[in-house]
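Participant: missing the sequence, but the structure's below:
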Ligand code: WQD
């Protein structure tokens, strides 16, 4: 049974991935600094899988702490690296914090990979690296465009750091470029726990429906899309989590075509903000208060994935529908507000 280190394993995508890894027979050790997560998540993971993952509270920005972790755990076969700051707006306000949090930590981890001969590394990347696409759906050979935020830039630079490392060490790595993750585990044991006012669409919708926010602002209805609102590829977090398991199997089995590979992880379907609002109203039978406001600075108009490479090479495909995703987000929101 291979032991996999999951950094940021108590976070939104991390926790769902730990569940899928444990359900596939992997032993998991989580490190997390609890800056945007809670120890309660361990209970949720344990309730779903009947297995408690190993956990170490650790600050990845502290090189000494990272070194002592790897001295203690000498049997790690692979790493899935989620731990990072991810608020786009905050990254514009405080770029140095983002470069420190997202790049120093990656470098420390890769140094330990080299030292300890851990050669299998999965990185959480983002469709944000594509910027505004020239054509849709977007595939992995599309150019990486200048990032519109320090957050996005950390994802681009991280991919480069990993690729450069792969070319001179034994490291093999897969960067998964996520589209927009949404939804929660069907058990409602784990889900997204946004701090403060949510910046992302779905938590804002569910918090509005539950009465925590007065109304949703739809950022623009005058884009060059069929209904004028922006288009994204919303993928269920459990489908996304499963992609990490197949990617890790590929690395552990030495099946890669090169030492550094990237895959789009999305559904291949584009949905507009207004379509999401309507689908939410339909599936939850809730009327949603919303108004159209000005465009939000920095939004791309339309992006959705070409998933051919992930389908054919990884043998992975998203399974859940938009309705499944929205319903699970809604059930999770009700559960955490003690309404169900
Ligand atoms: C989706 C759509 C908004 C909120 C960002 C990052 C990306 C990724 C996920 C991760 C857009 C519209 C939103 C609201 C709205 N990174 N919207 N009203 O911007 O596609 O991606 O988060 O951690 O790197 O850039 O996601 O959910 O913010 O927005 O109308 O209150 O919903 O304009 O069209 P985005 P999002």
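Facilitator: Perfect, I can see it now. Keep in mind it's a predicted model, so treat the numbers as computed, not measured. Residues are numbered from 1 along each chain as shown.

Participant: quick check: buried residues in stretch 21-32?
Facilitator: 21, 22, 26, 27, 28, 29, 30, 31, 32 (16 or more other C-beta atoms under 10 Å). Glycine gets a C-beta too; all of them are placed from N, C-alpha and C.

Participant: let me have those residues in JSON lines, adding distance to residue 50 and secondary structure as columns.
Facilitator: Formatted as JSON lines, the buried residues of stretch 21-32 follow (distance: C-beta to C-beta, whole Å; DSSP: H, G, I helix; E, B strand; the rest coil):
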{"residue": "21", "distance to residue 50": "14", "secondary structure": "helix"}
{"residue": "22", "distance to residue 50": "9", "secondary structure": "helix"}
{"residue": "26", "distance to residue 50": "14", "secondary structure": "coil"}
{"residue": "27", "distance to residue 50": "14", "secondary structure": "strand"}
{"residue": "28", "distance to residue 50": "13", "secondary structure": "strand"}
{"residue": "29", "distance to residue 50": "18", "secondary structure": "strand"}
{"residue": "30", "distance to residue 50": "17", "secondary structure": "strand"}
{"residue": "31", "distance to residue 50": "22", "secondary structure": "strand"}
{"residue": "32", "distance to residue 50": "21", "secondary structure": "strand"}
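
Participant: which residue ranges of the stretch 1-150 of the chain form strands?
Facilitator: Under the criterion DSSP state E, counting those that start in this stretch, strands of the stretch 1-150 of the chain are mapped to 3-7, 27-32, 54-57, 76-81, 120-126.

Participant: the last one pairs with which strands?
Facilitator: In this case it means strand 120-126. Strand partners for strand 120-126, identified by DSSP bridges, are recorded as strand 76-81 (parallel), strand 172-178 (parallel).

Participant: per-residue pLDDT, residue 338?
Facilitator: The predicted structure scores residue 338 at 84 on the pLDDT scale.

Participant: ok, now how distant is it from the ligand?
Facilitator: Per C-beta to the nearest ligand atom, to the nearest Å, residue 338 is found 24 Å from the ligand.

Participant: what's the neighbour count on that residue?
Facilitator: Under the neighbour criterion other C-beta atoms under 10 Å, residue 338 is assigned a count of 6.

Participant: try residue 135
Facilitator: Residue 135: 8 surrounding residues under other C-beta under 10 Å.

Participant: now the helices for this protein?
Facilitator: 12-23, 40-49, 63-72, 88-93, 95-99, 105-116, 150-168, 201-209, 237-252, 273-284, 308-309, 322-336 (DSSP state H).
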